[in-house]
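In: Sequence isn't available, so here's the structure alone:
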Ligand SMILES: CCCCCCCC(=O)SCCNC(=O)CCNC(=O)[C@H](O)C(C)(C)COP(=O)(O)OP(=O)(O)OC[C@H]1O[C@@H](n2cnc3c(N)ncnc32)[C@H](O)[C@@H]1OP(=O)(O)O
């Protein structure tokens with residue numbers, strides 16, 4: 001697939017992890033064991049219903065740690081082709097959560113990934129599976 005060359009290397013404006021995006025989440029990623037990990041503490045501007053983090057942003061965190069795993073480990077861009085998320089518990093505004101993404105299997109250019117959002121007490125707030133396609 002042809003990608004627009006003008007934006008090809010502009011990851012610093014990624015909404016989730018870009019350092020230069022003024023309205024981005026500025027997630028800091030690290031590879032810990034077999035996972036890509038990021039911590040996030042939602043603020044009031046990240047809420048849905050009063051006091052709860054927005055589910056779309058929880059999805060963004062999960063998408064990012066899964067995609068970033070491929071980027072950091074394989075040094076290649078992977079595009080989310082499909083993602084399924086189960087929201088198990090609300091994430092509260094002000095509560096620090098841990099997001100983890102890892103690879104489960106691969107078939108050609110397609111990677112099957114798993115993501116989890118952990119609360120401090122060790123319970124899972126949300127989990128995801130995704131199919132991610134490596135760029136040609
Ligand atoms: C460091 C920063 C990390 C950032 C992480 C964030 C990740 C993101 O959010 S990416 C943004 C959101 N995603 C996108 O914009 C992707 C939009 N979609 C696309 O670009 C394309 O559809 C794309 C790349 C997924 C696949 O296109 P393309 O590379 O042309 O592959 P395509 O020819 O459609 O399919 C190739 C094969 O894979 C299969 N395939 C495609 N999608 C799927 C899927 N979801 N599940 C199973 N198989 C699939 C096809 O059936 C095909 O198989 P076959 O060759 O046997 O017919």
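Out: Structure's in. What do you need? Since this is a predicted model, take the numbers as computed values, not measurements.
In: Now the protein against the ligand: closest residue?
Out: Nearest to the ligand, among the residues of the chain, is residue 67, at 2.4 Å (CB to the nearest ligand atom). The way it works is simple: take the backbone N, C-alpha and C, and place the C-beta from them, glycine included.
In: wait, doesn't residue 115 sit right on residue 128?
Out: Yes - contact criterion CB atoms under 8 Å: residue 115 and residue 128 qualify, at 4.1 Å.
In: Looking at the two, which is more packed in?
Out: Neighbours per residue (other CB atoms under 10 Å) separate residue 115 from residue 128, with residue 115 holding more: 26 against 23.
In: Which residues of this protein lie near the ligand?
Out: 1, 11, 14, 17, 63-64, 67-68, 71, 79-82, 110, 131, 133 (CB under 6 Å from any ligand atom).
In: any common contacting residues for residue 115 and residue 128?
Out: 62, 63, 66 (CB atoms under 8 Å, 6 or more residues apart in numbering).
In: Against residue 108, how distant is the first one?
Out: Distance, residue 62 to residue 108, using CB to CB, to the nearest Å: 23 Å.
In: These two - which one has more neighbours?
Out: Counted by other CB under 10 Å, residue 62 and residue 108 do not tie: residue 62 has more neighbours, with 26 against 7.
In: Buried by neighbour count: which residues of the strand or helix carrying that one qualify?
Out: Assigned by DSSP states H and E, residue 62 falls within helix 55-74. Buried positions in helix 55-74, judged by neighbour count with 16 or more other CB atoms under 10 Å: 57-71.
In: Same check on stretch 27-44?
Out: Neighbour counts over stretch 27-44 (16+ other CB under 10 Å) mark 27, 29, 35, 36, 37, 38, 40, 42 as buried.
In: where in this protein is pLDDT low?
Out: Under the criterion pLDDT under 70, the flagged ranges of the chain are 1-9.
In: All set now, cheers.
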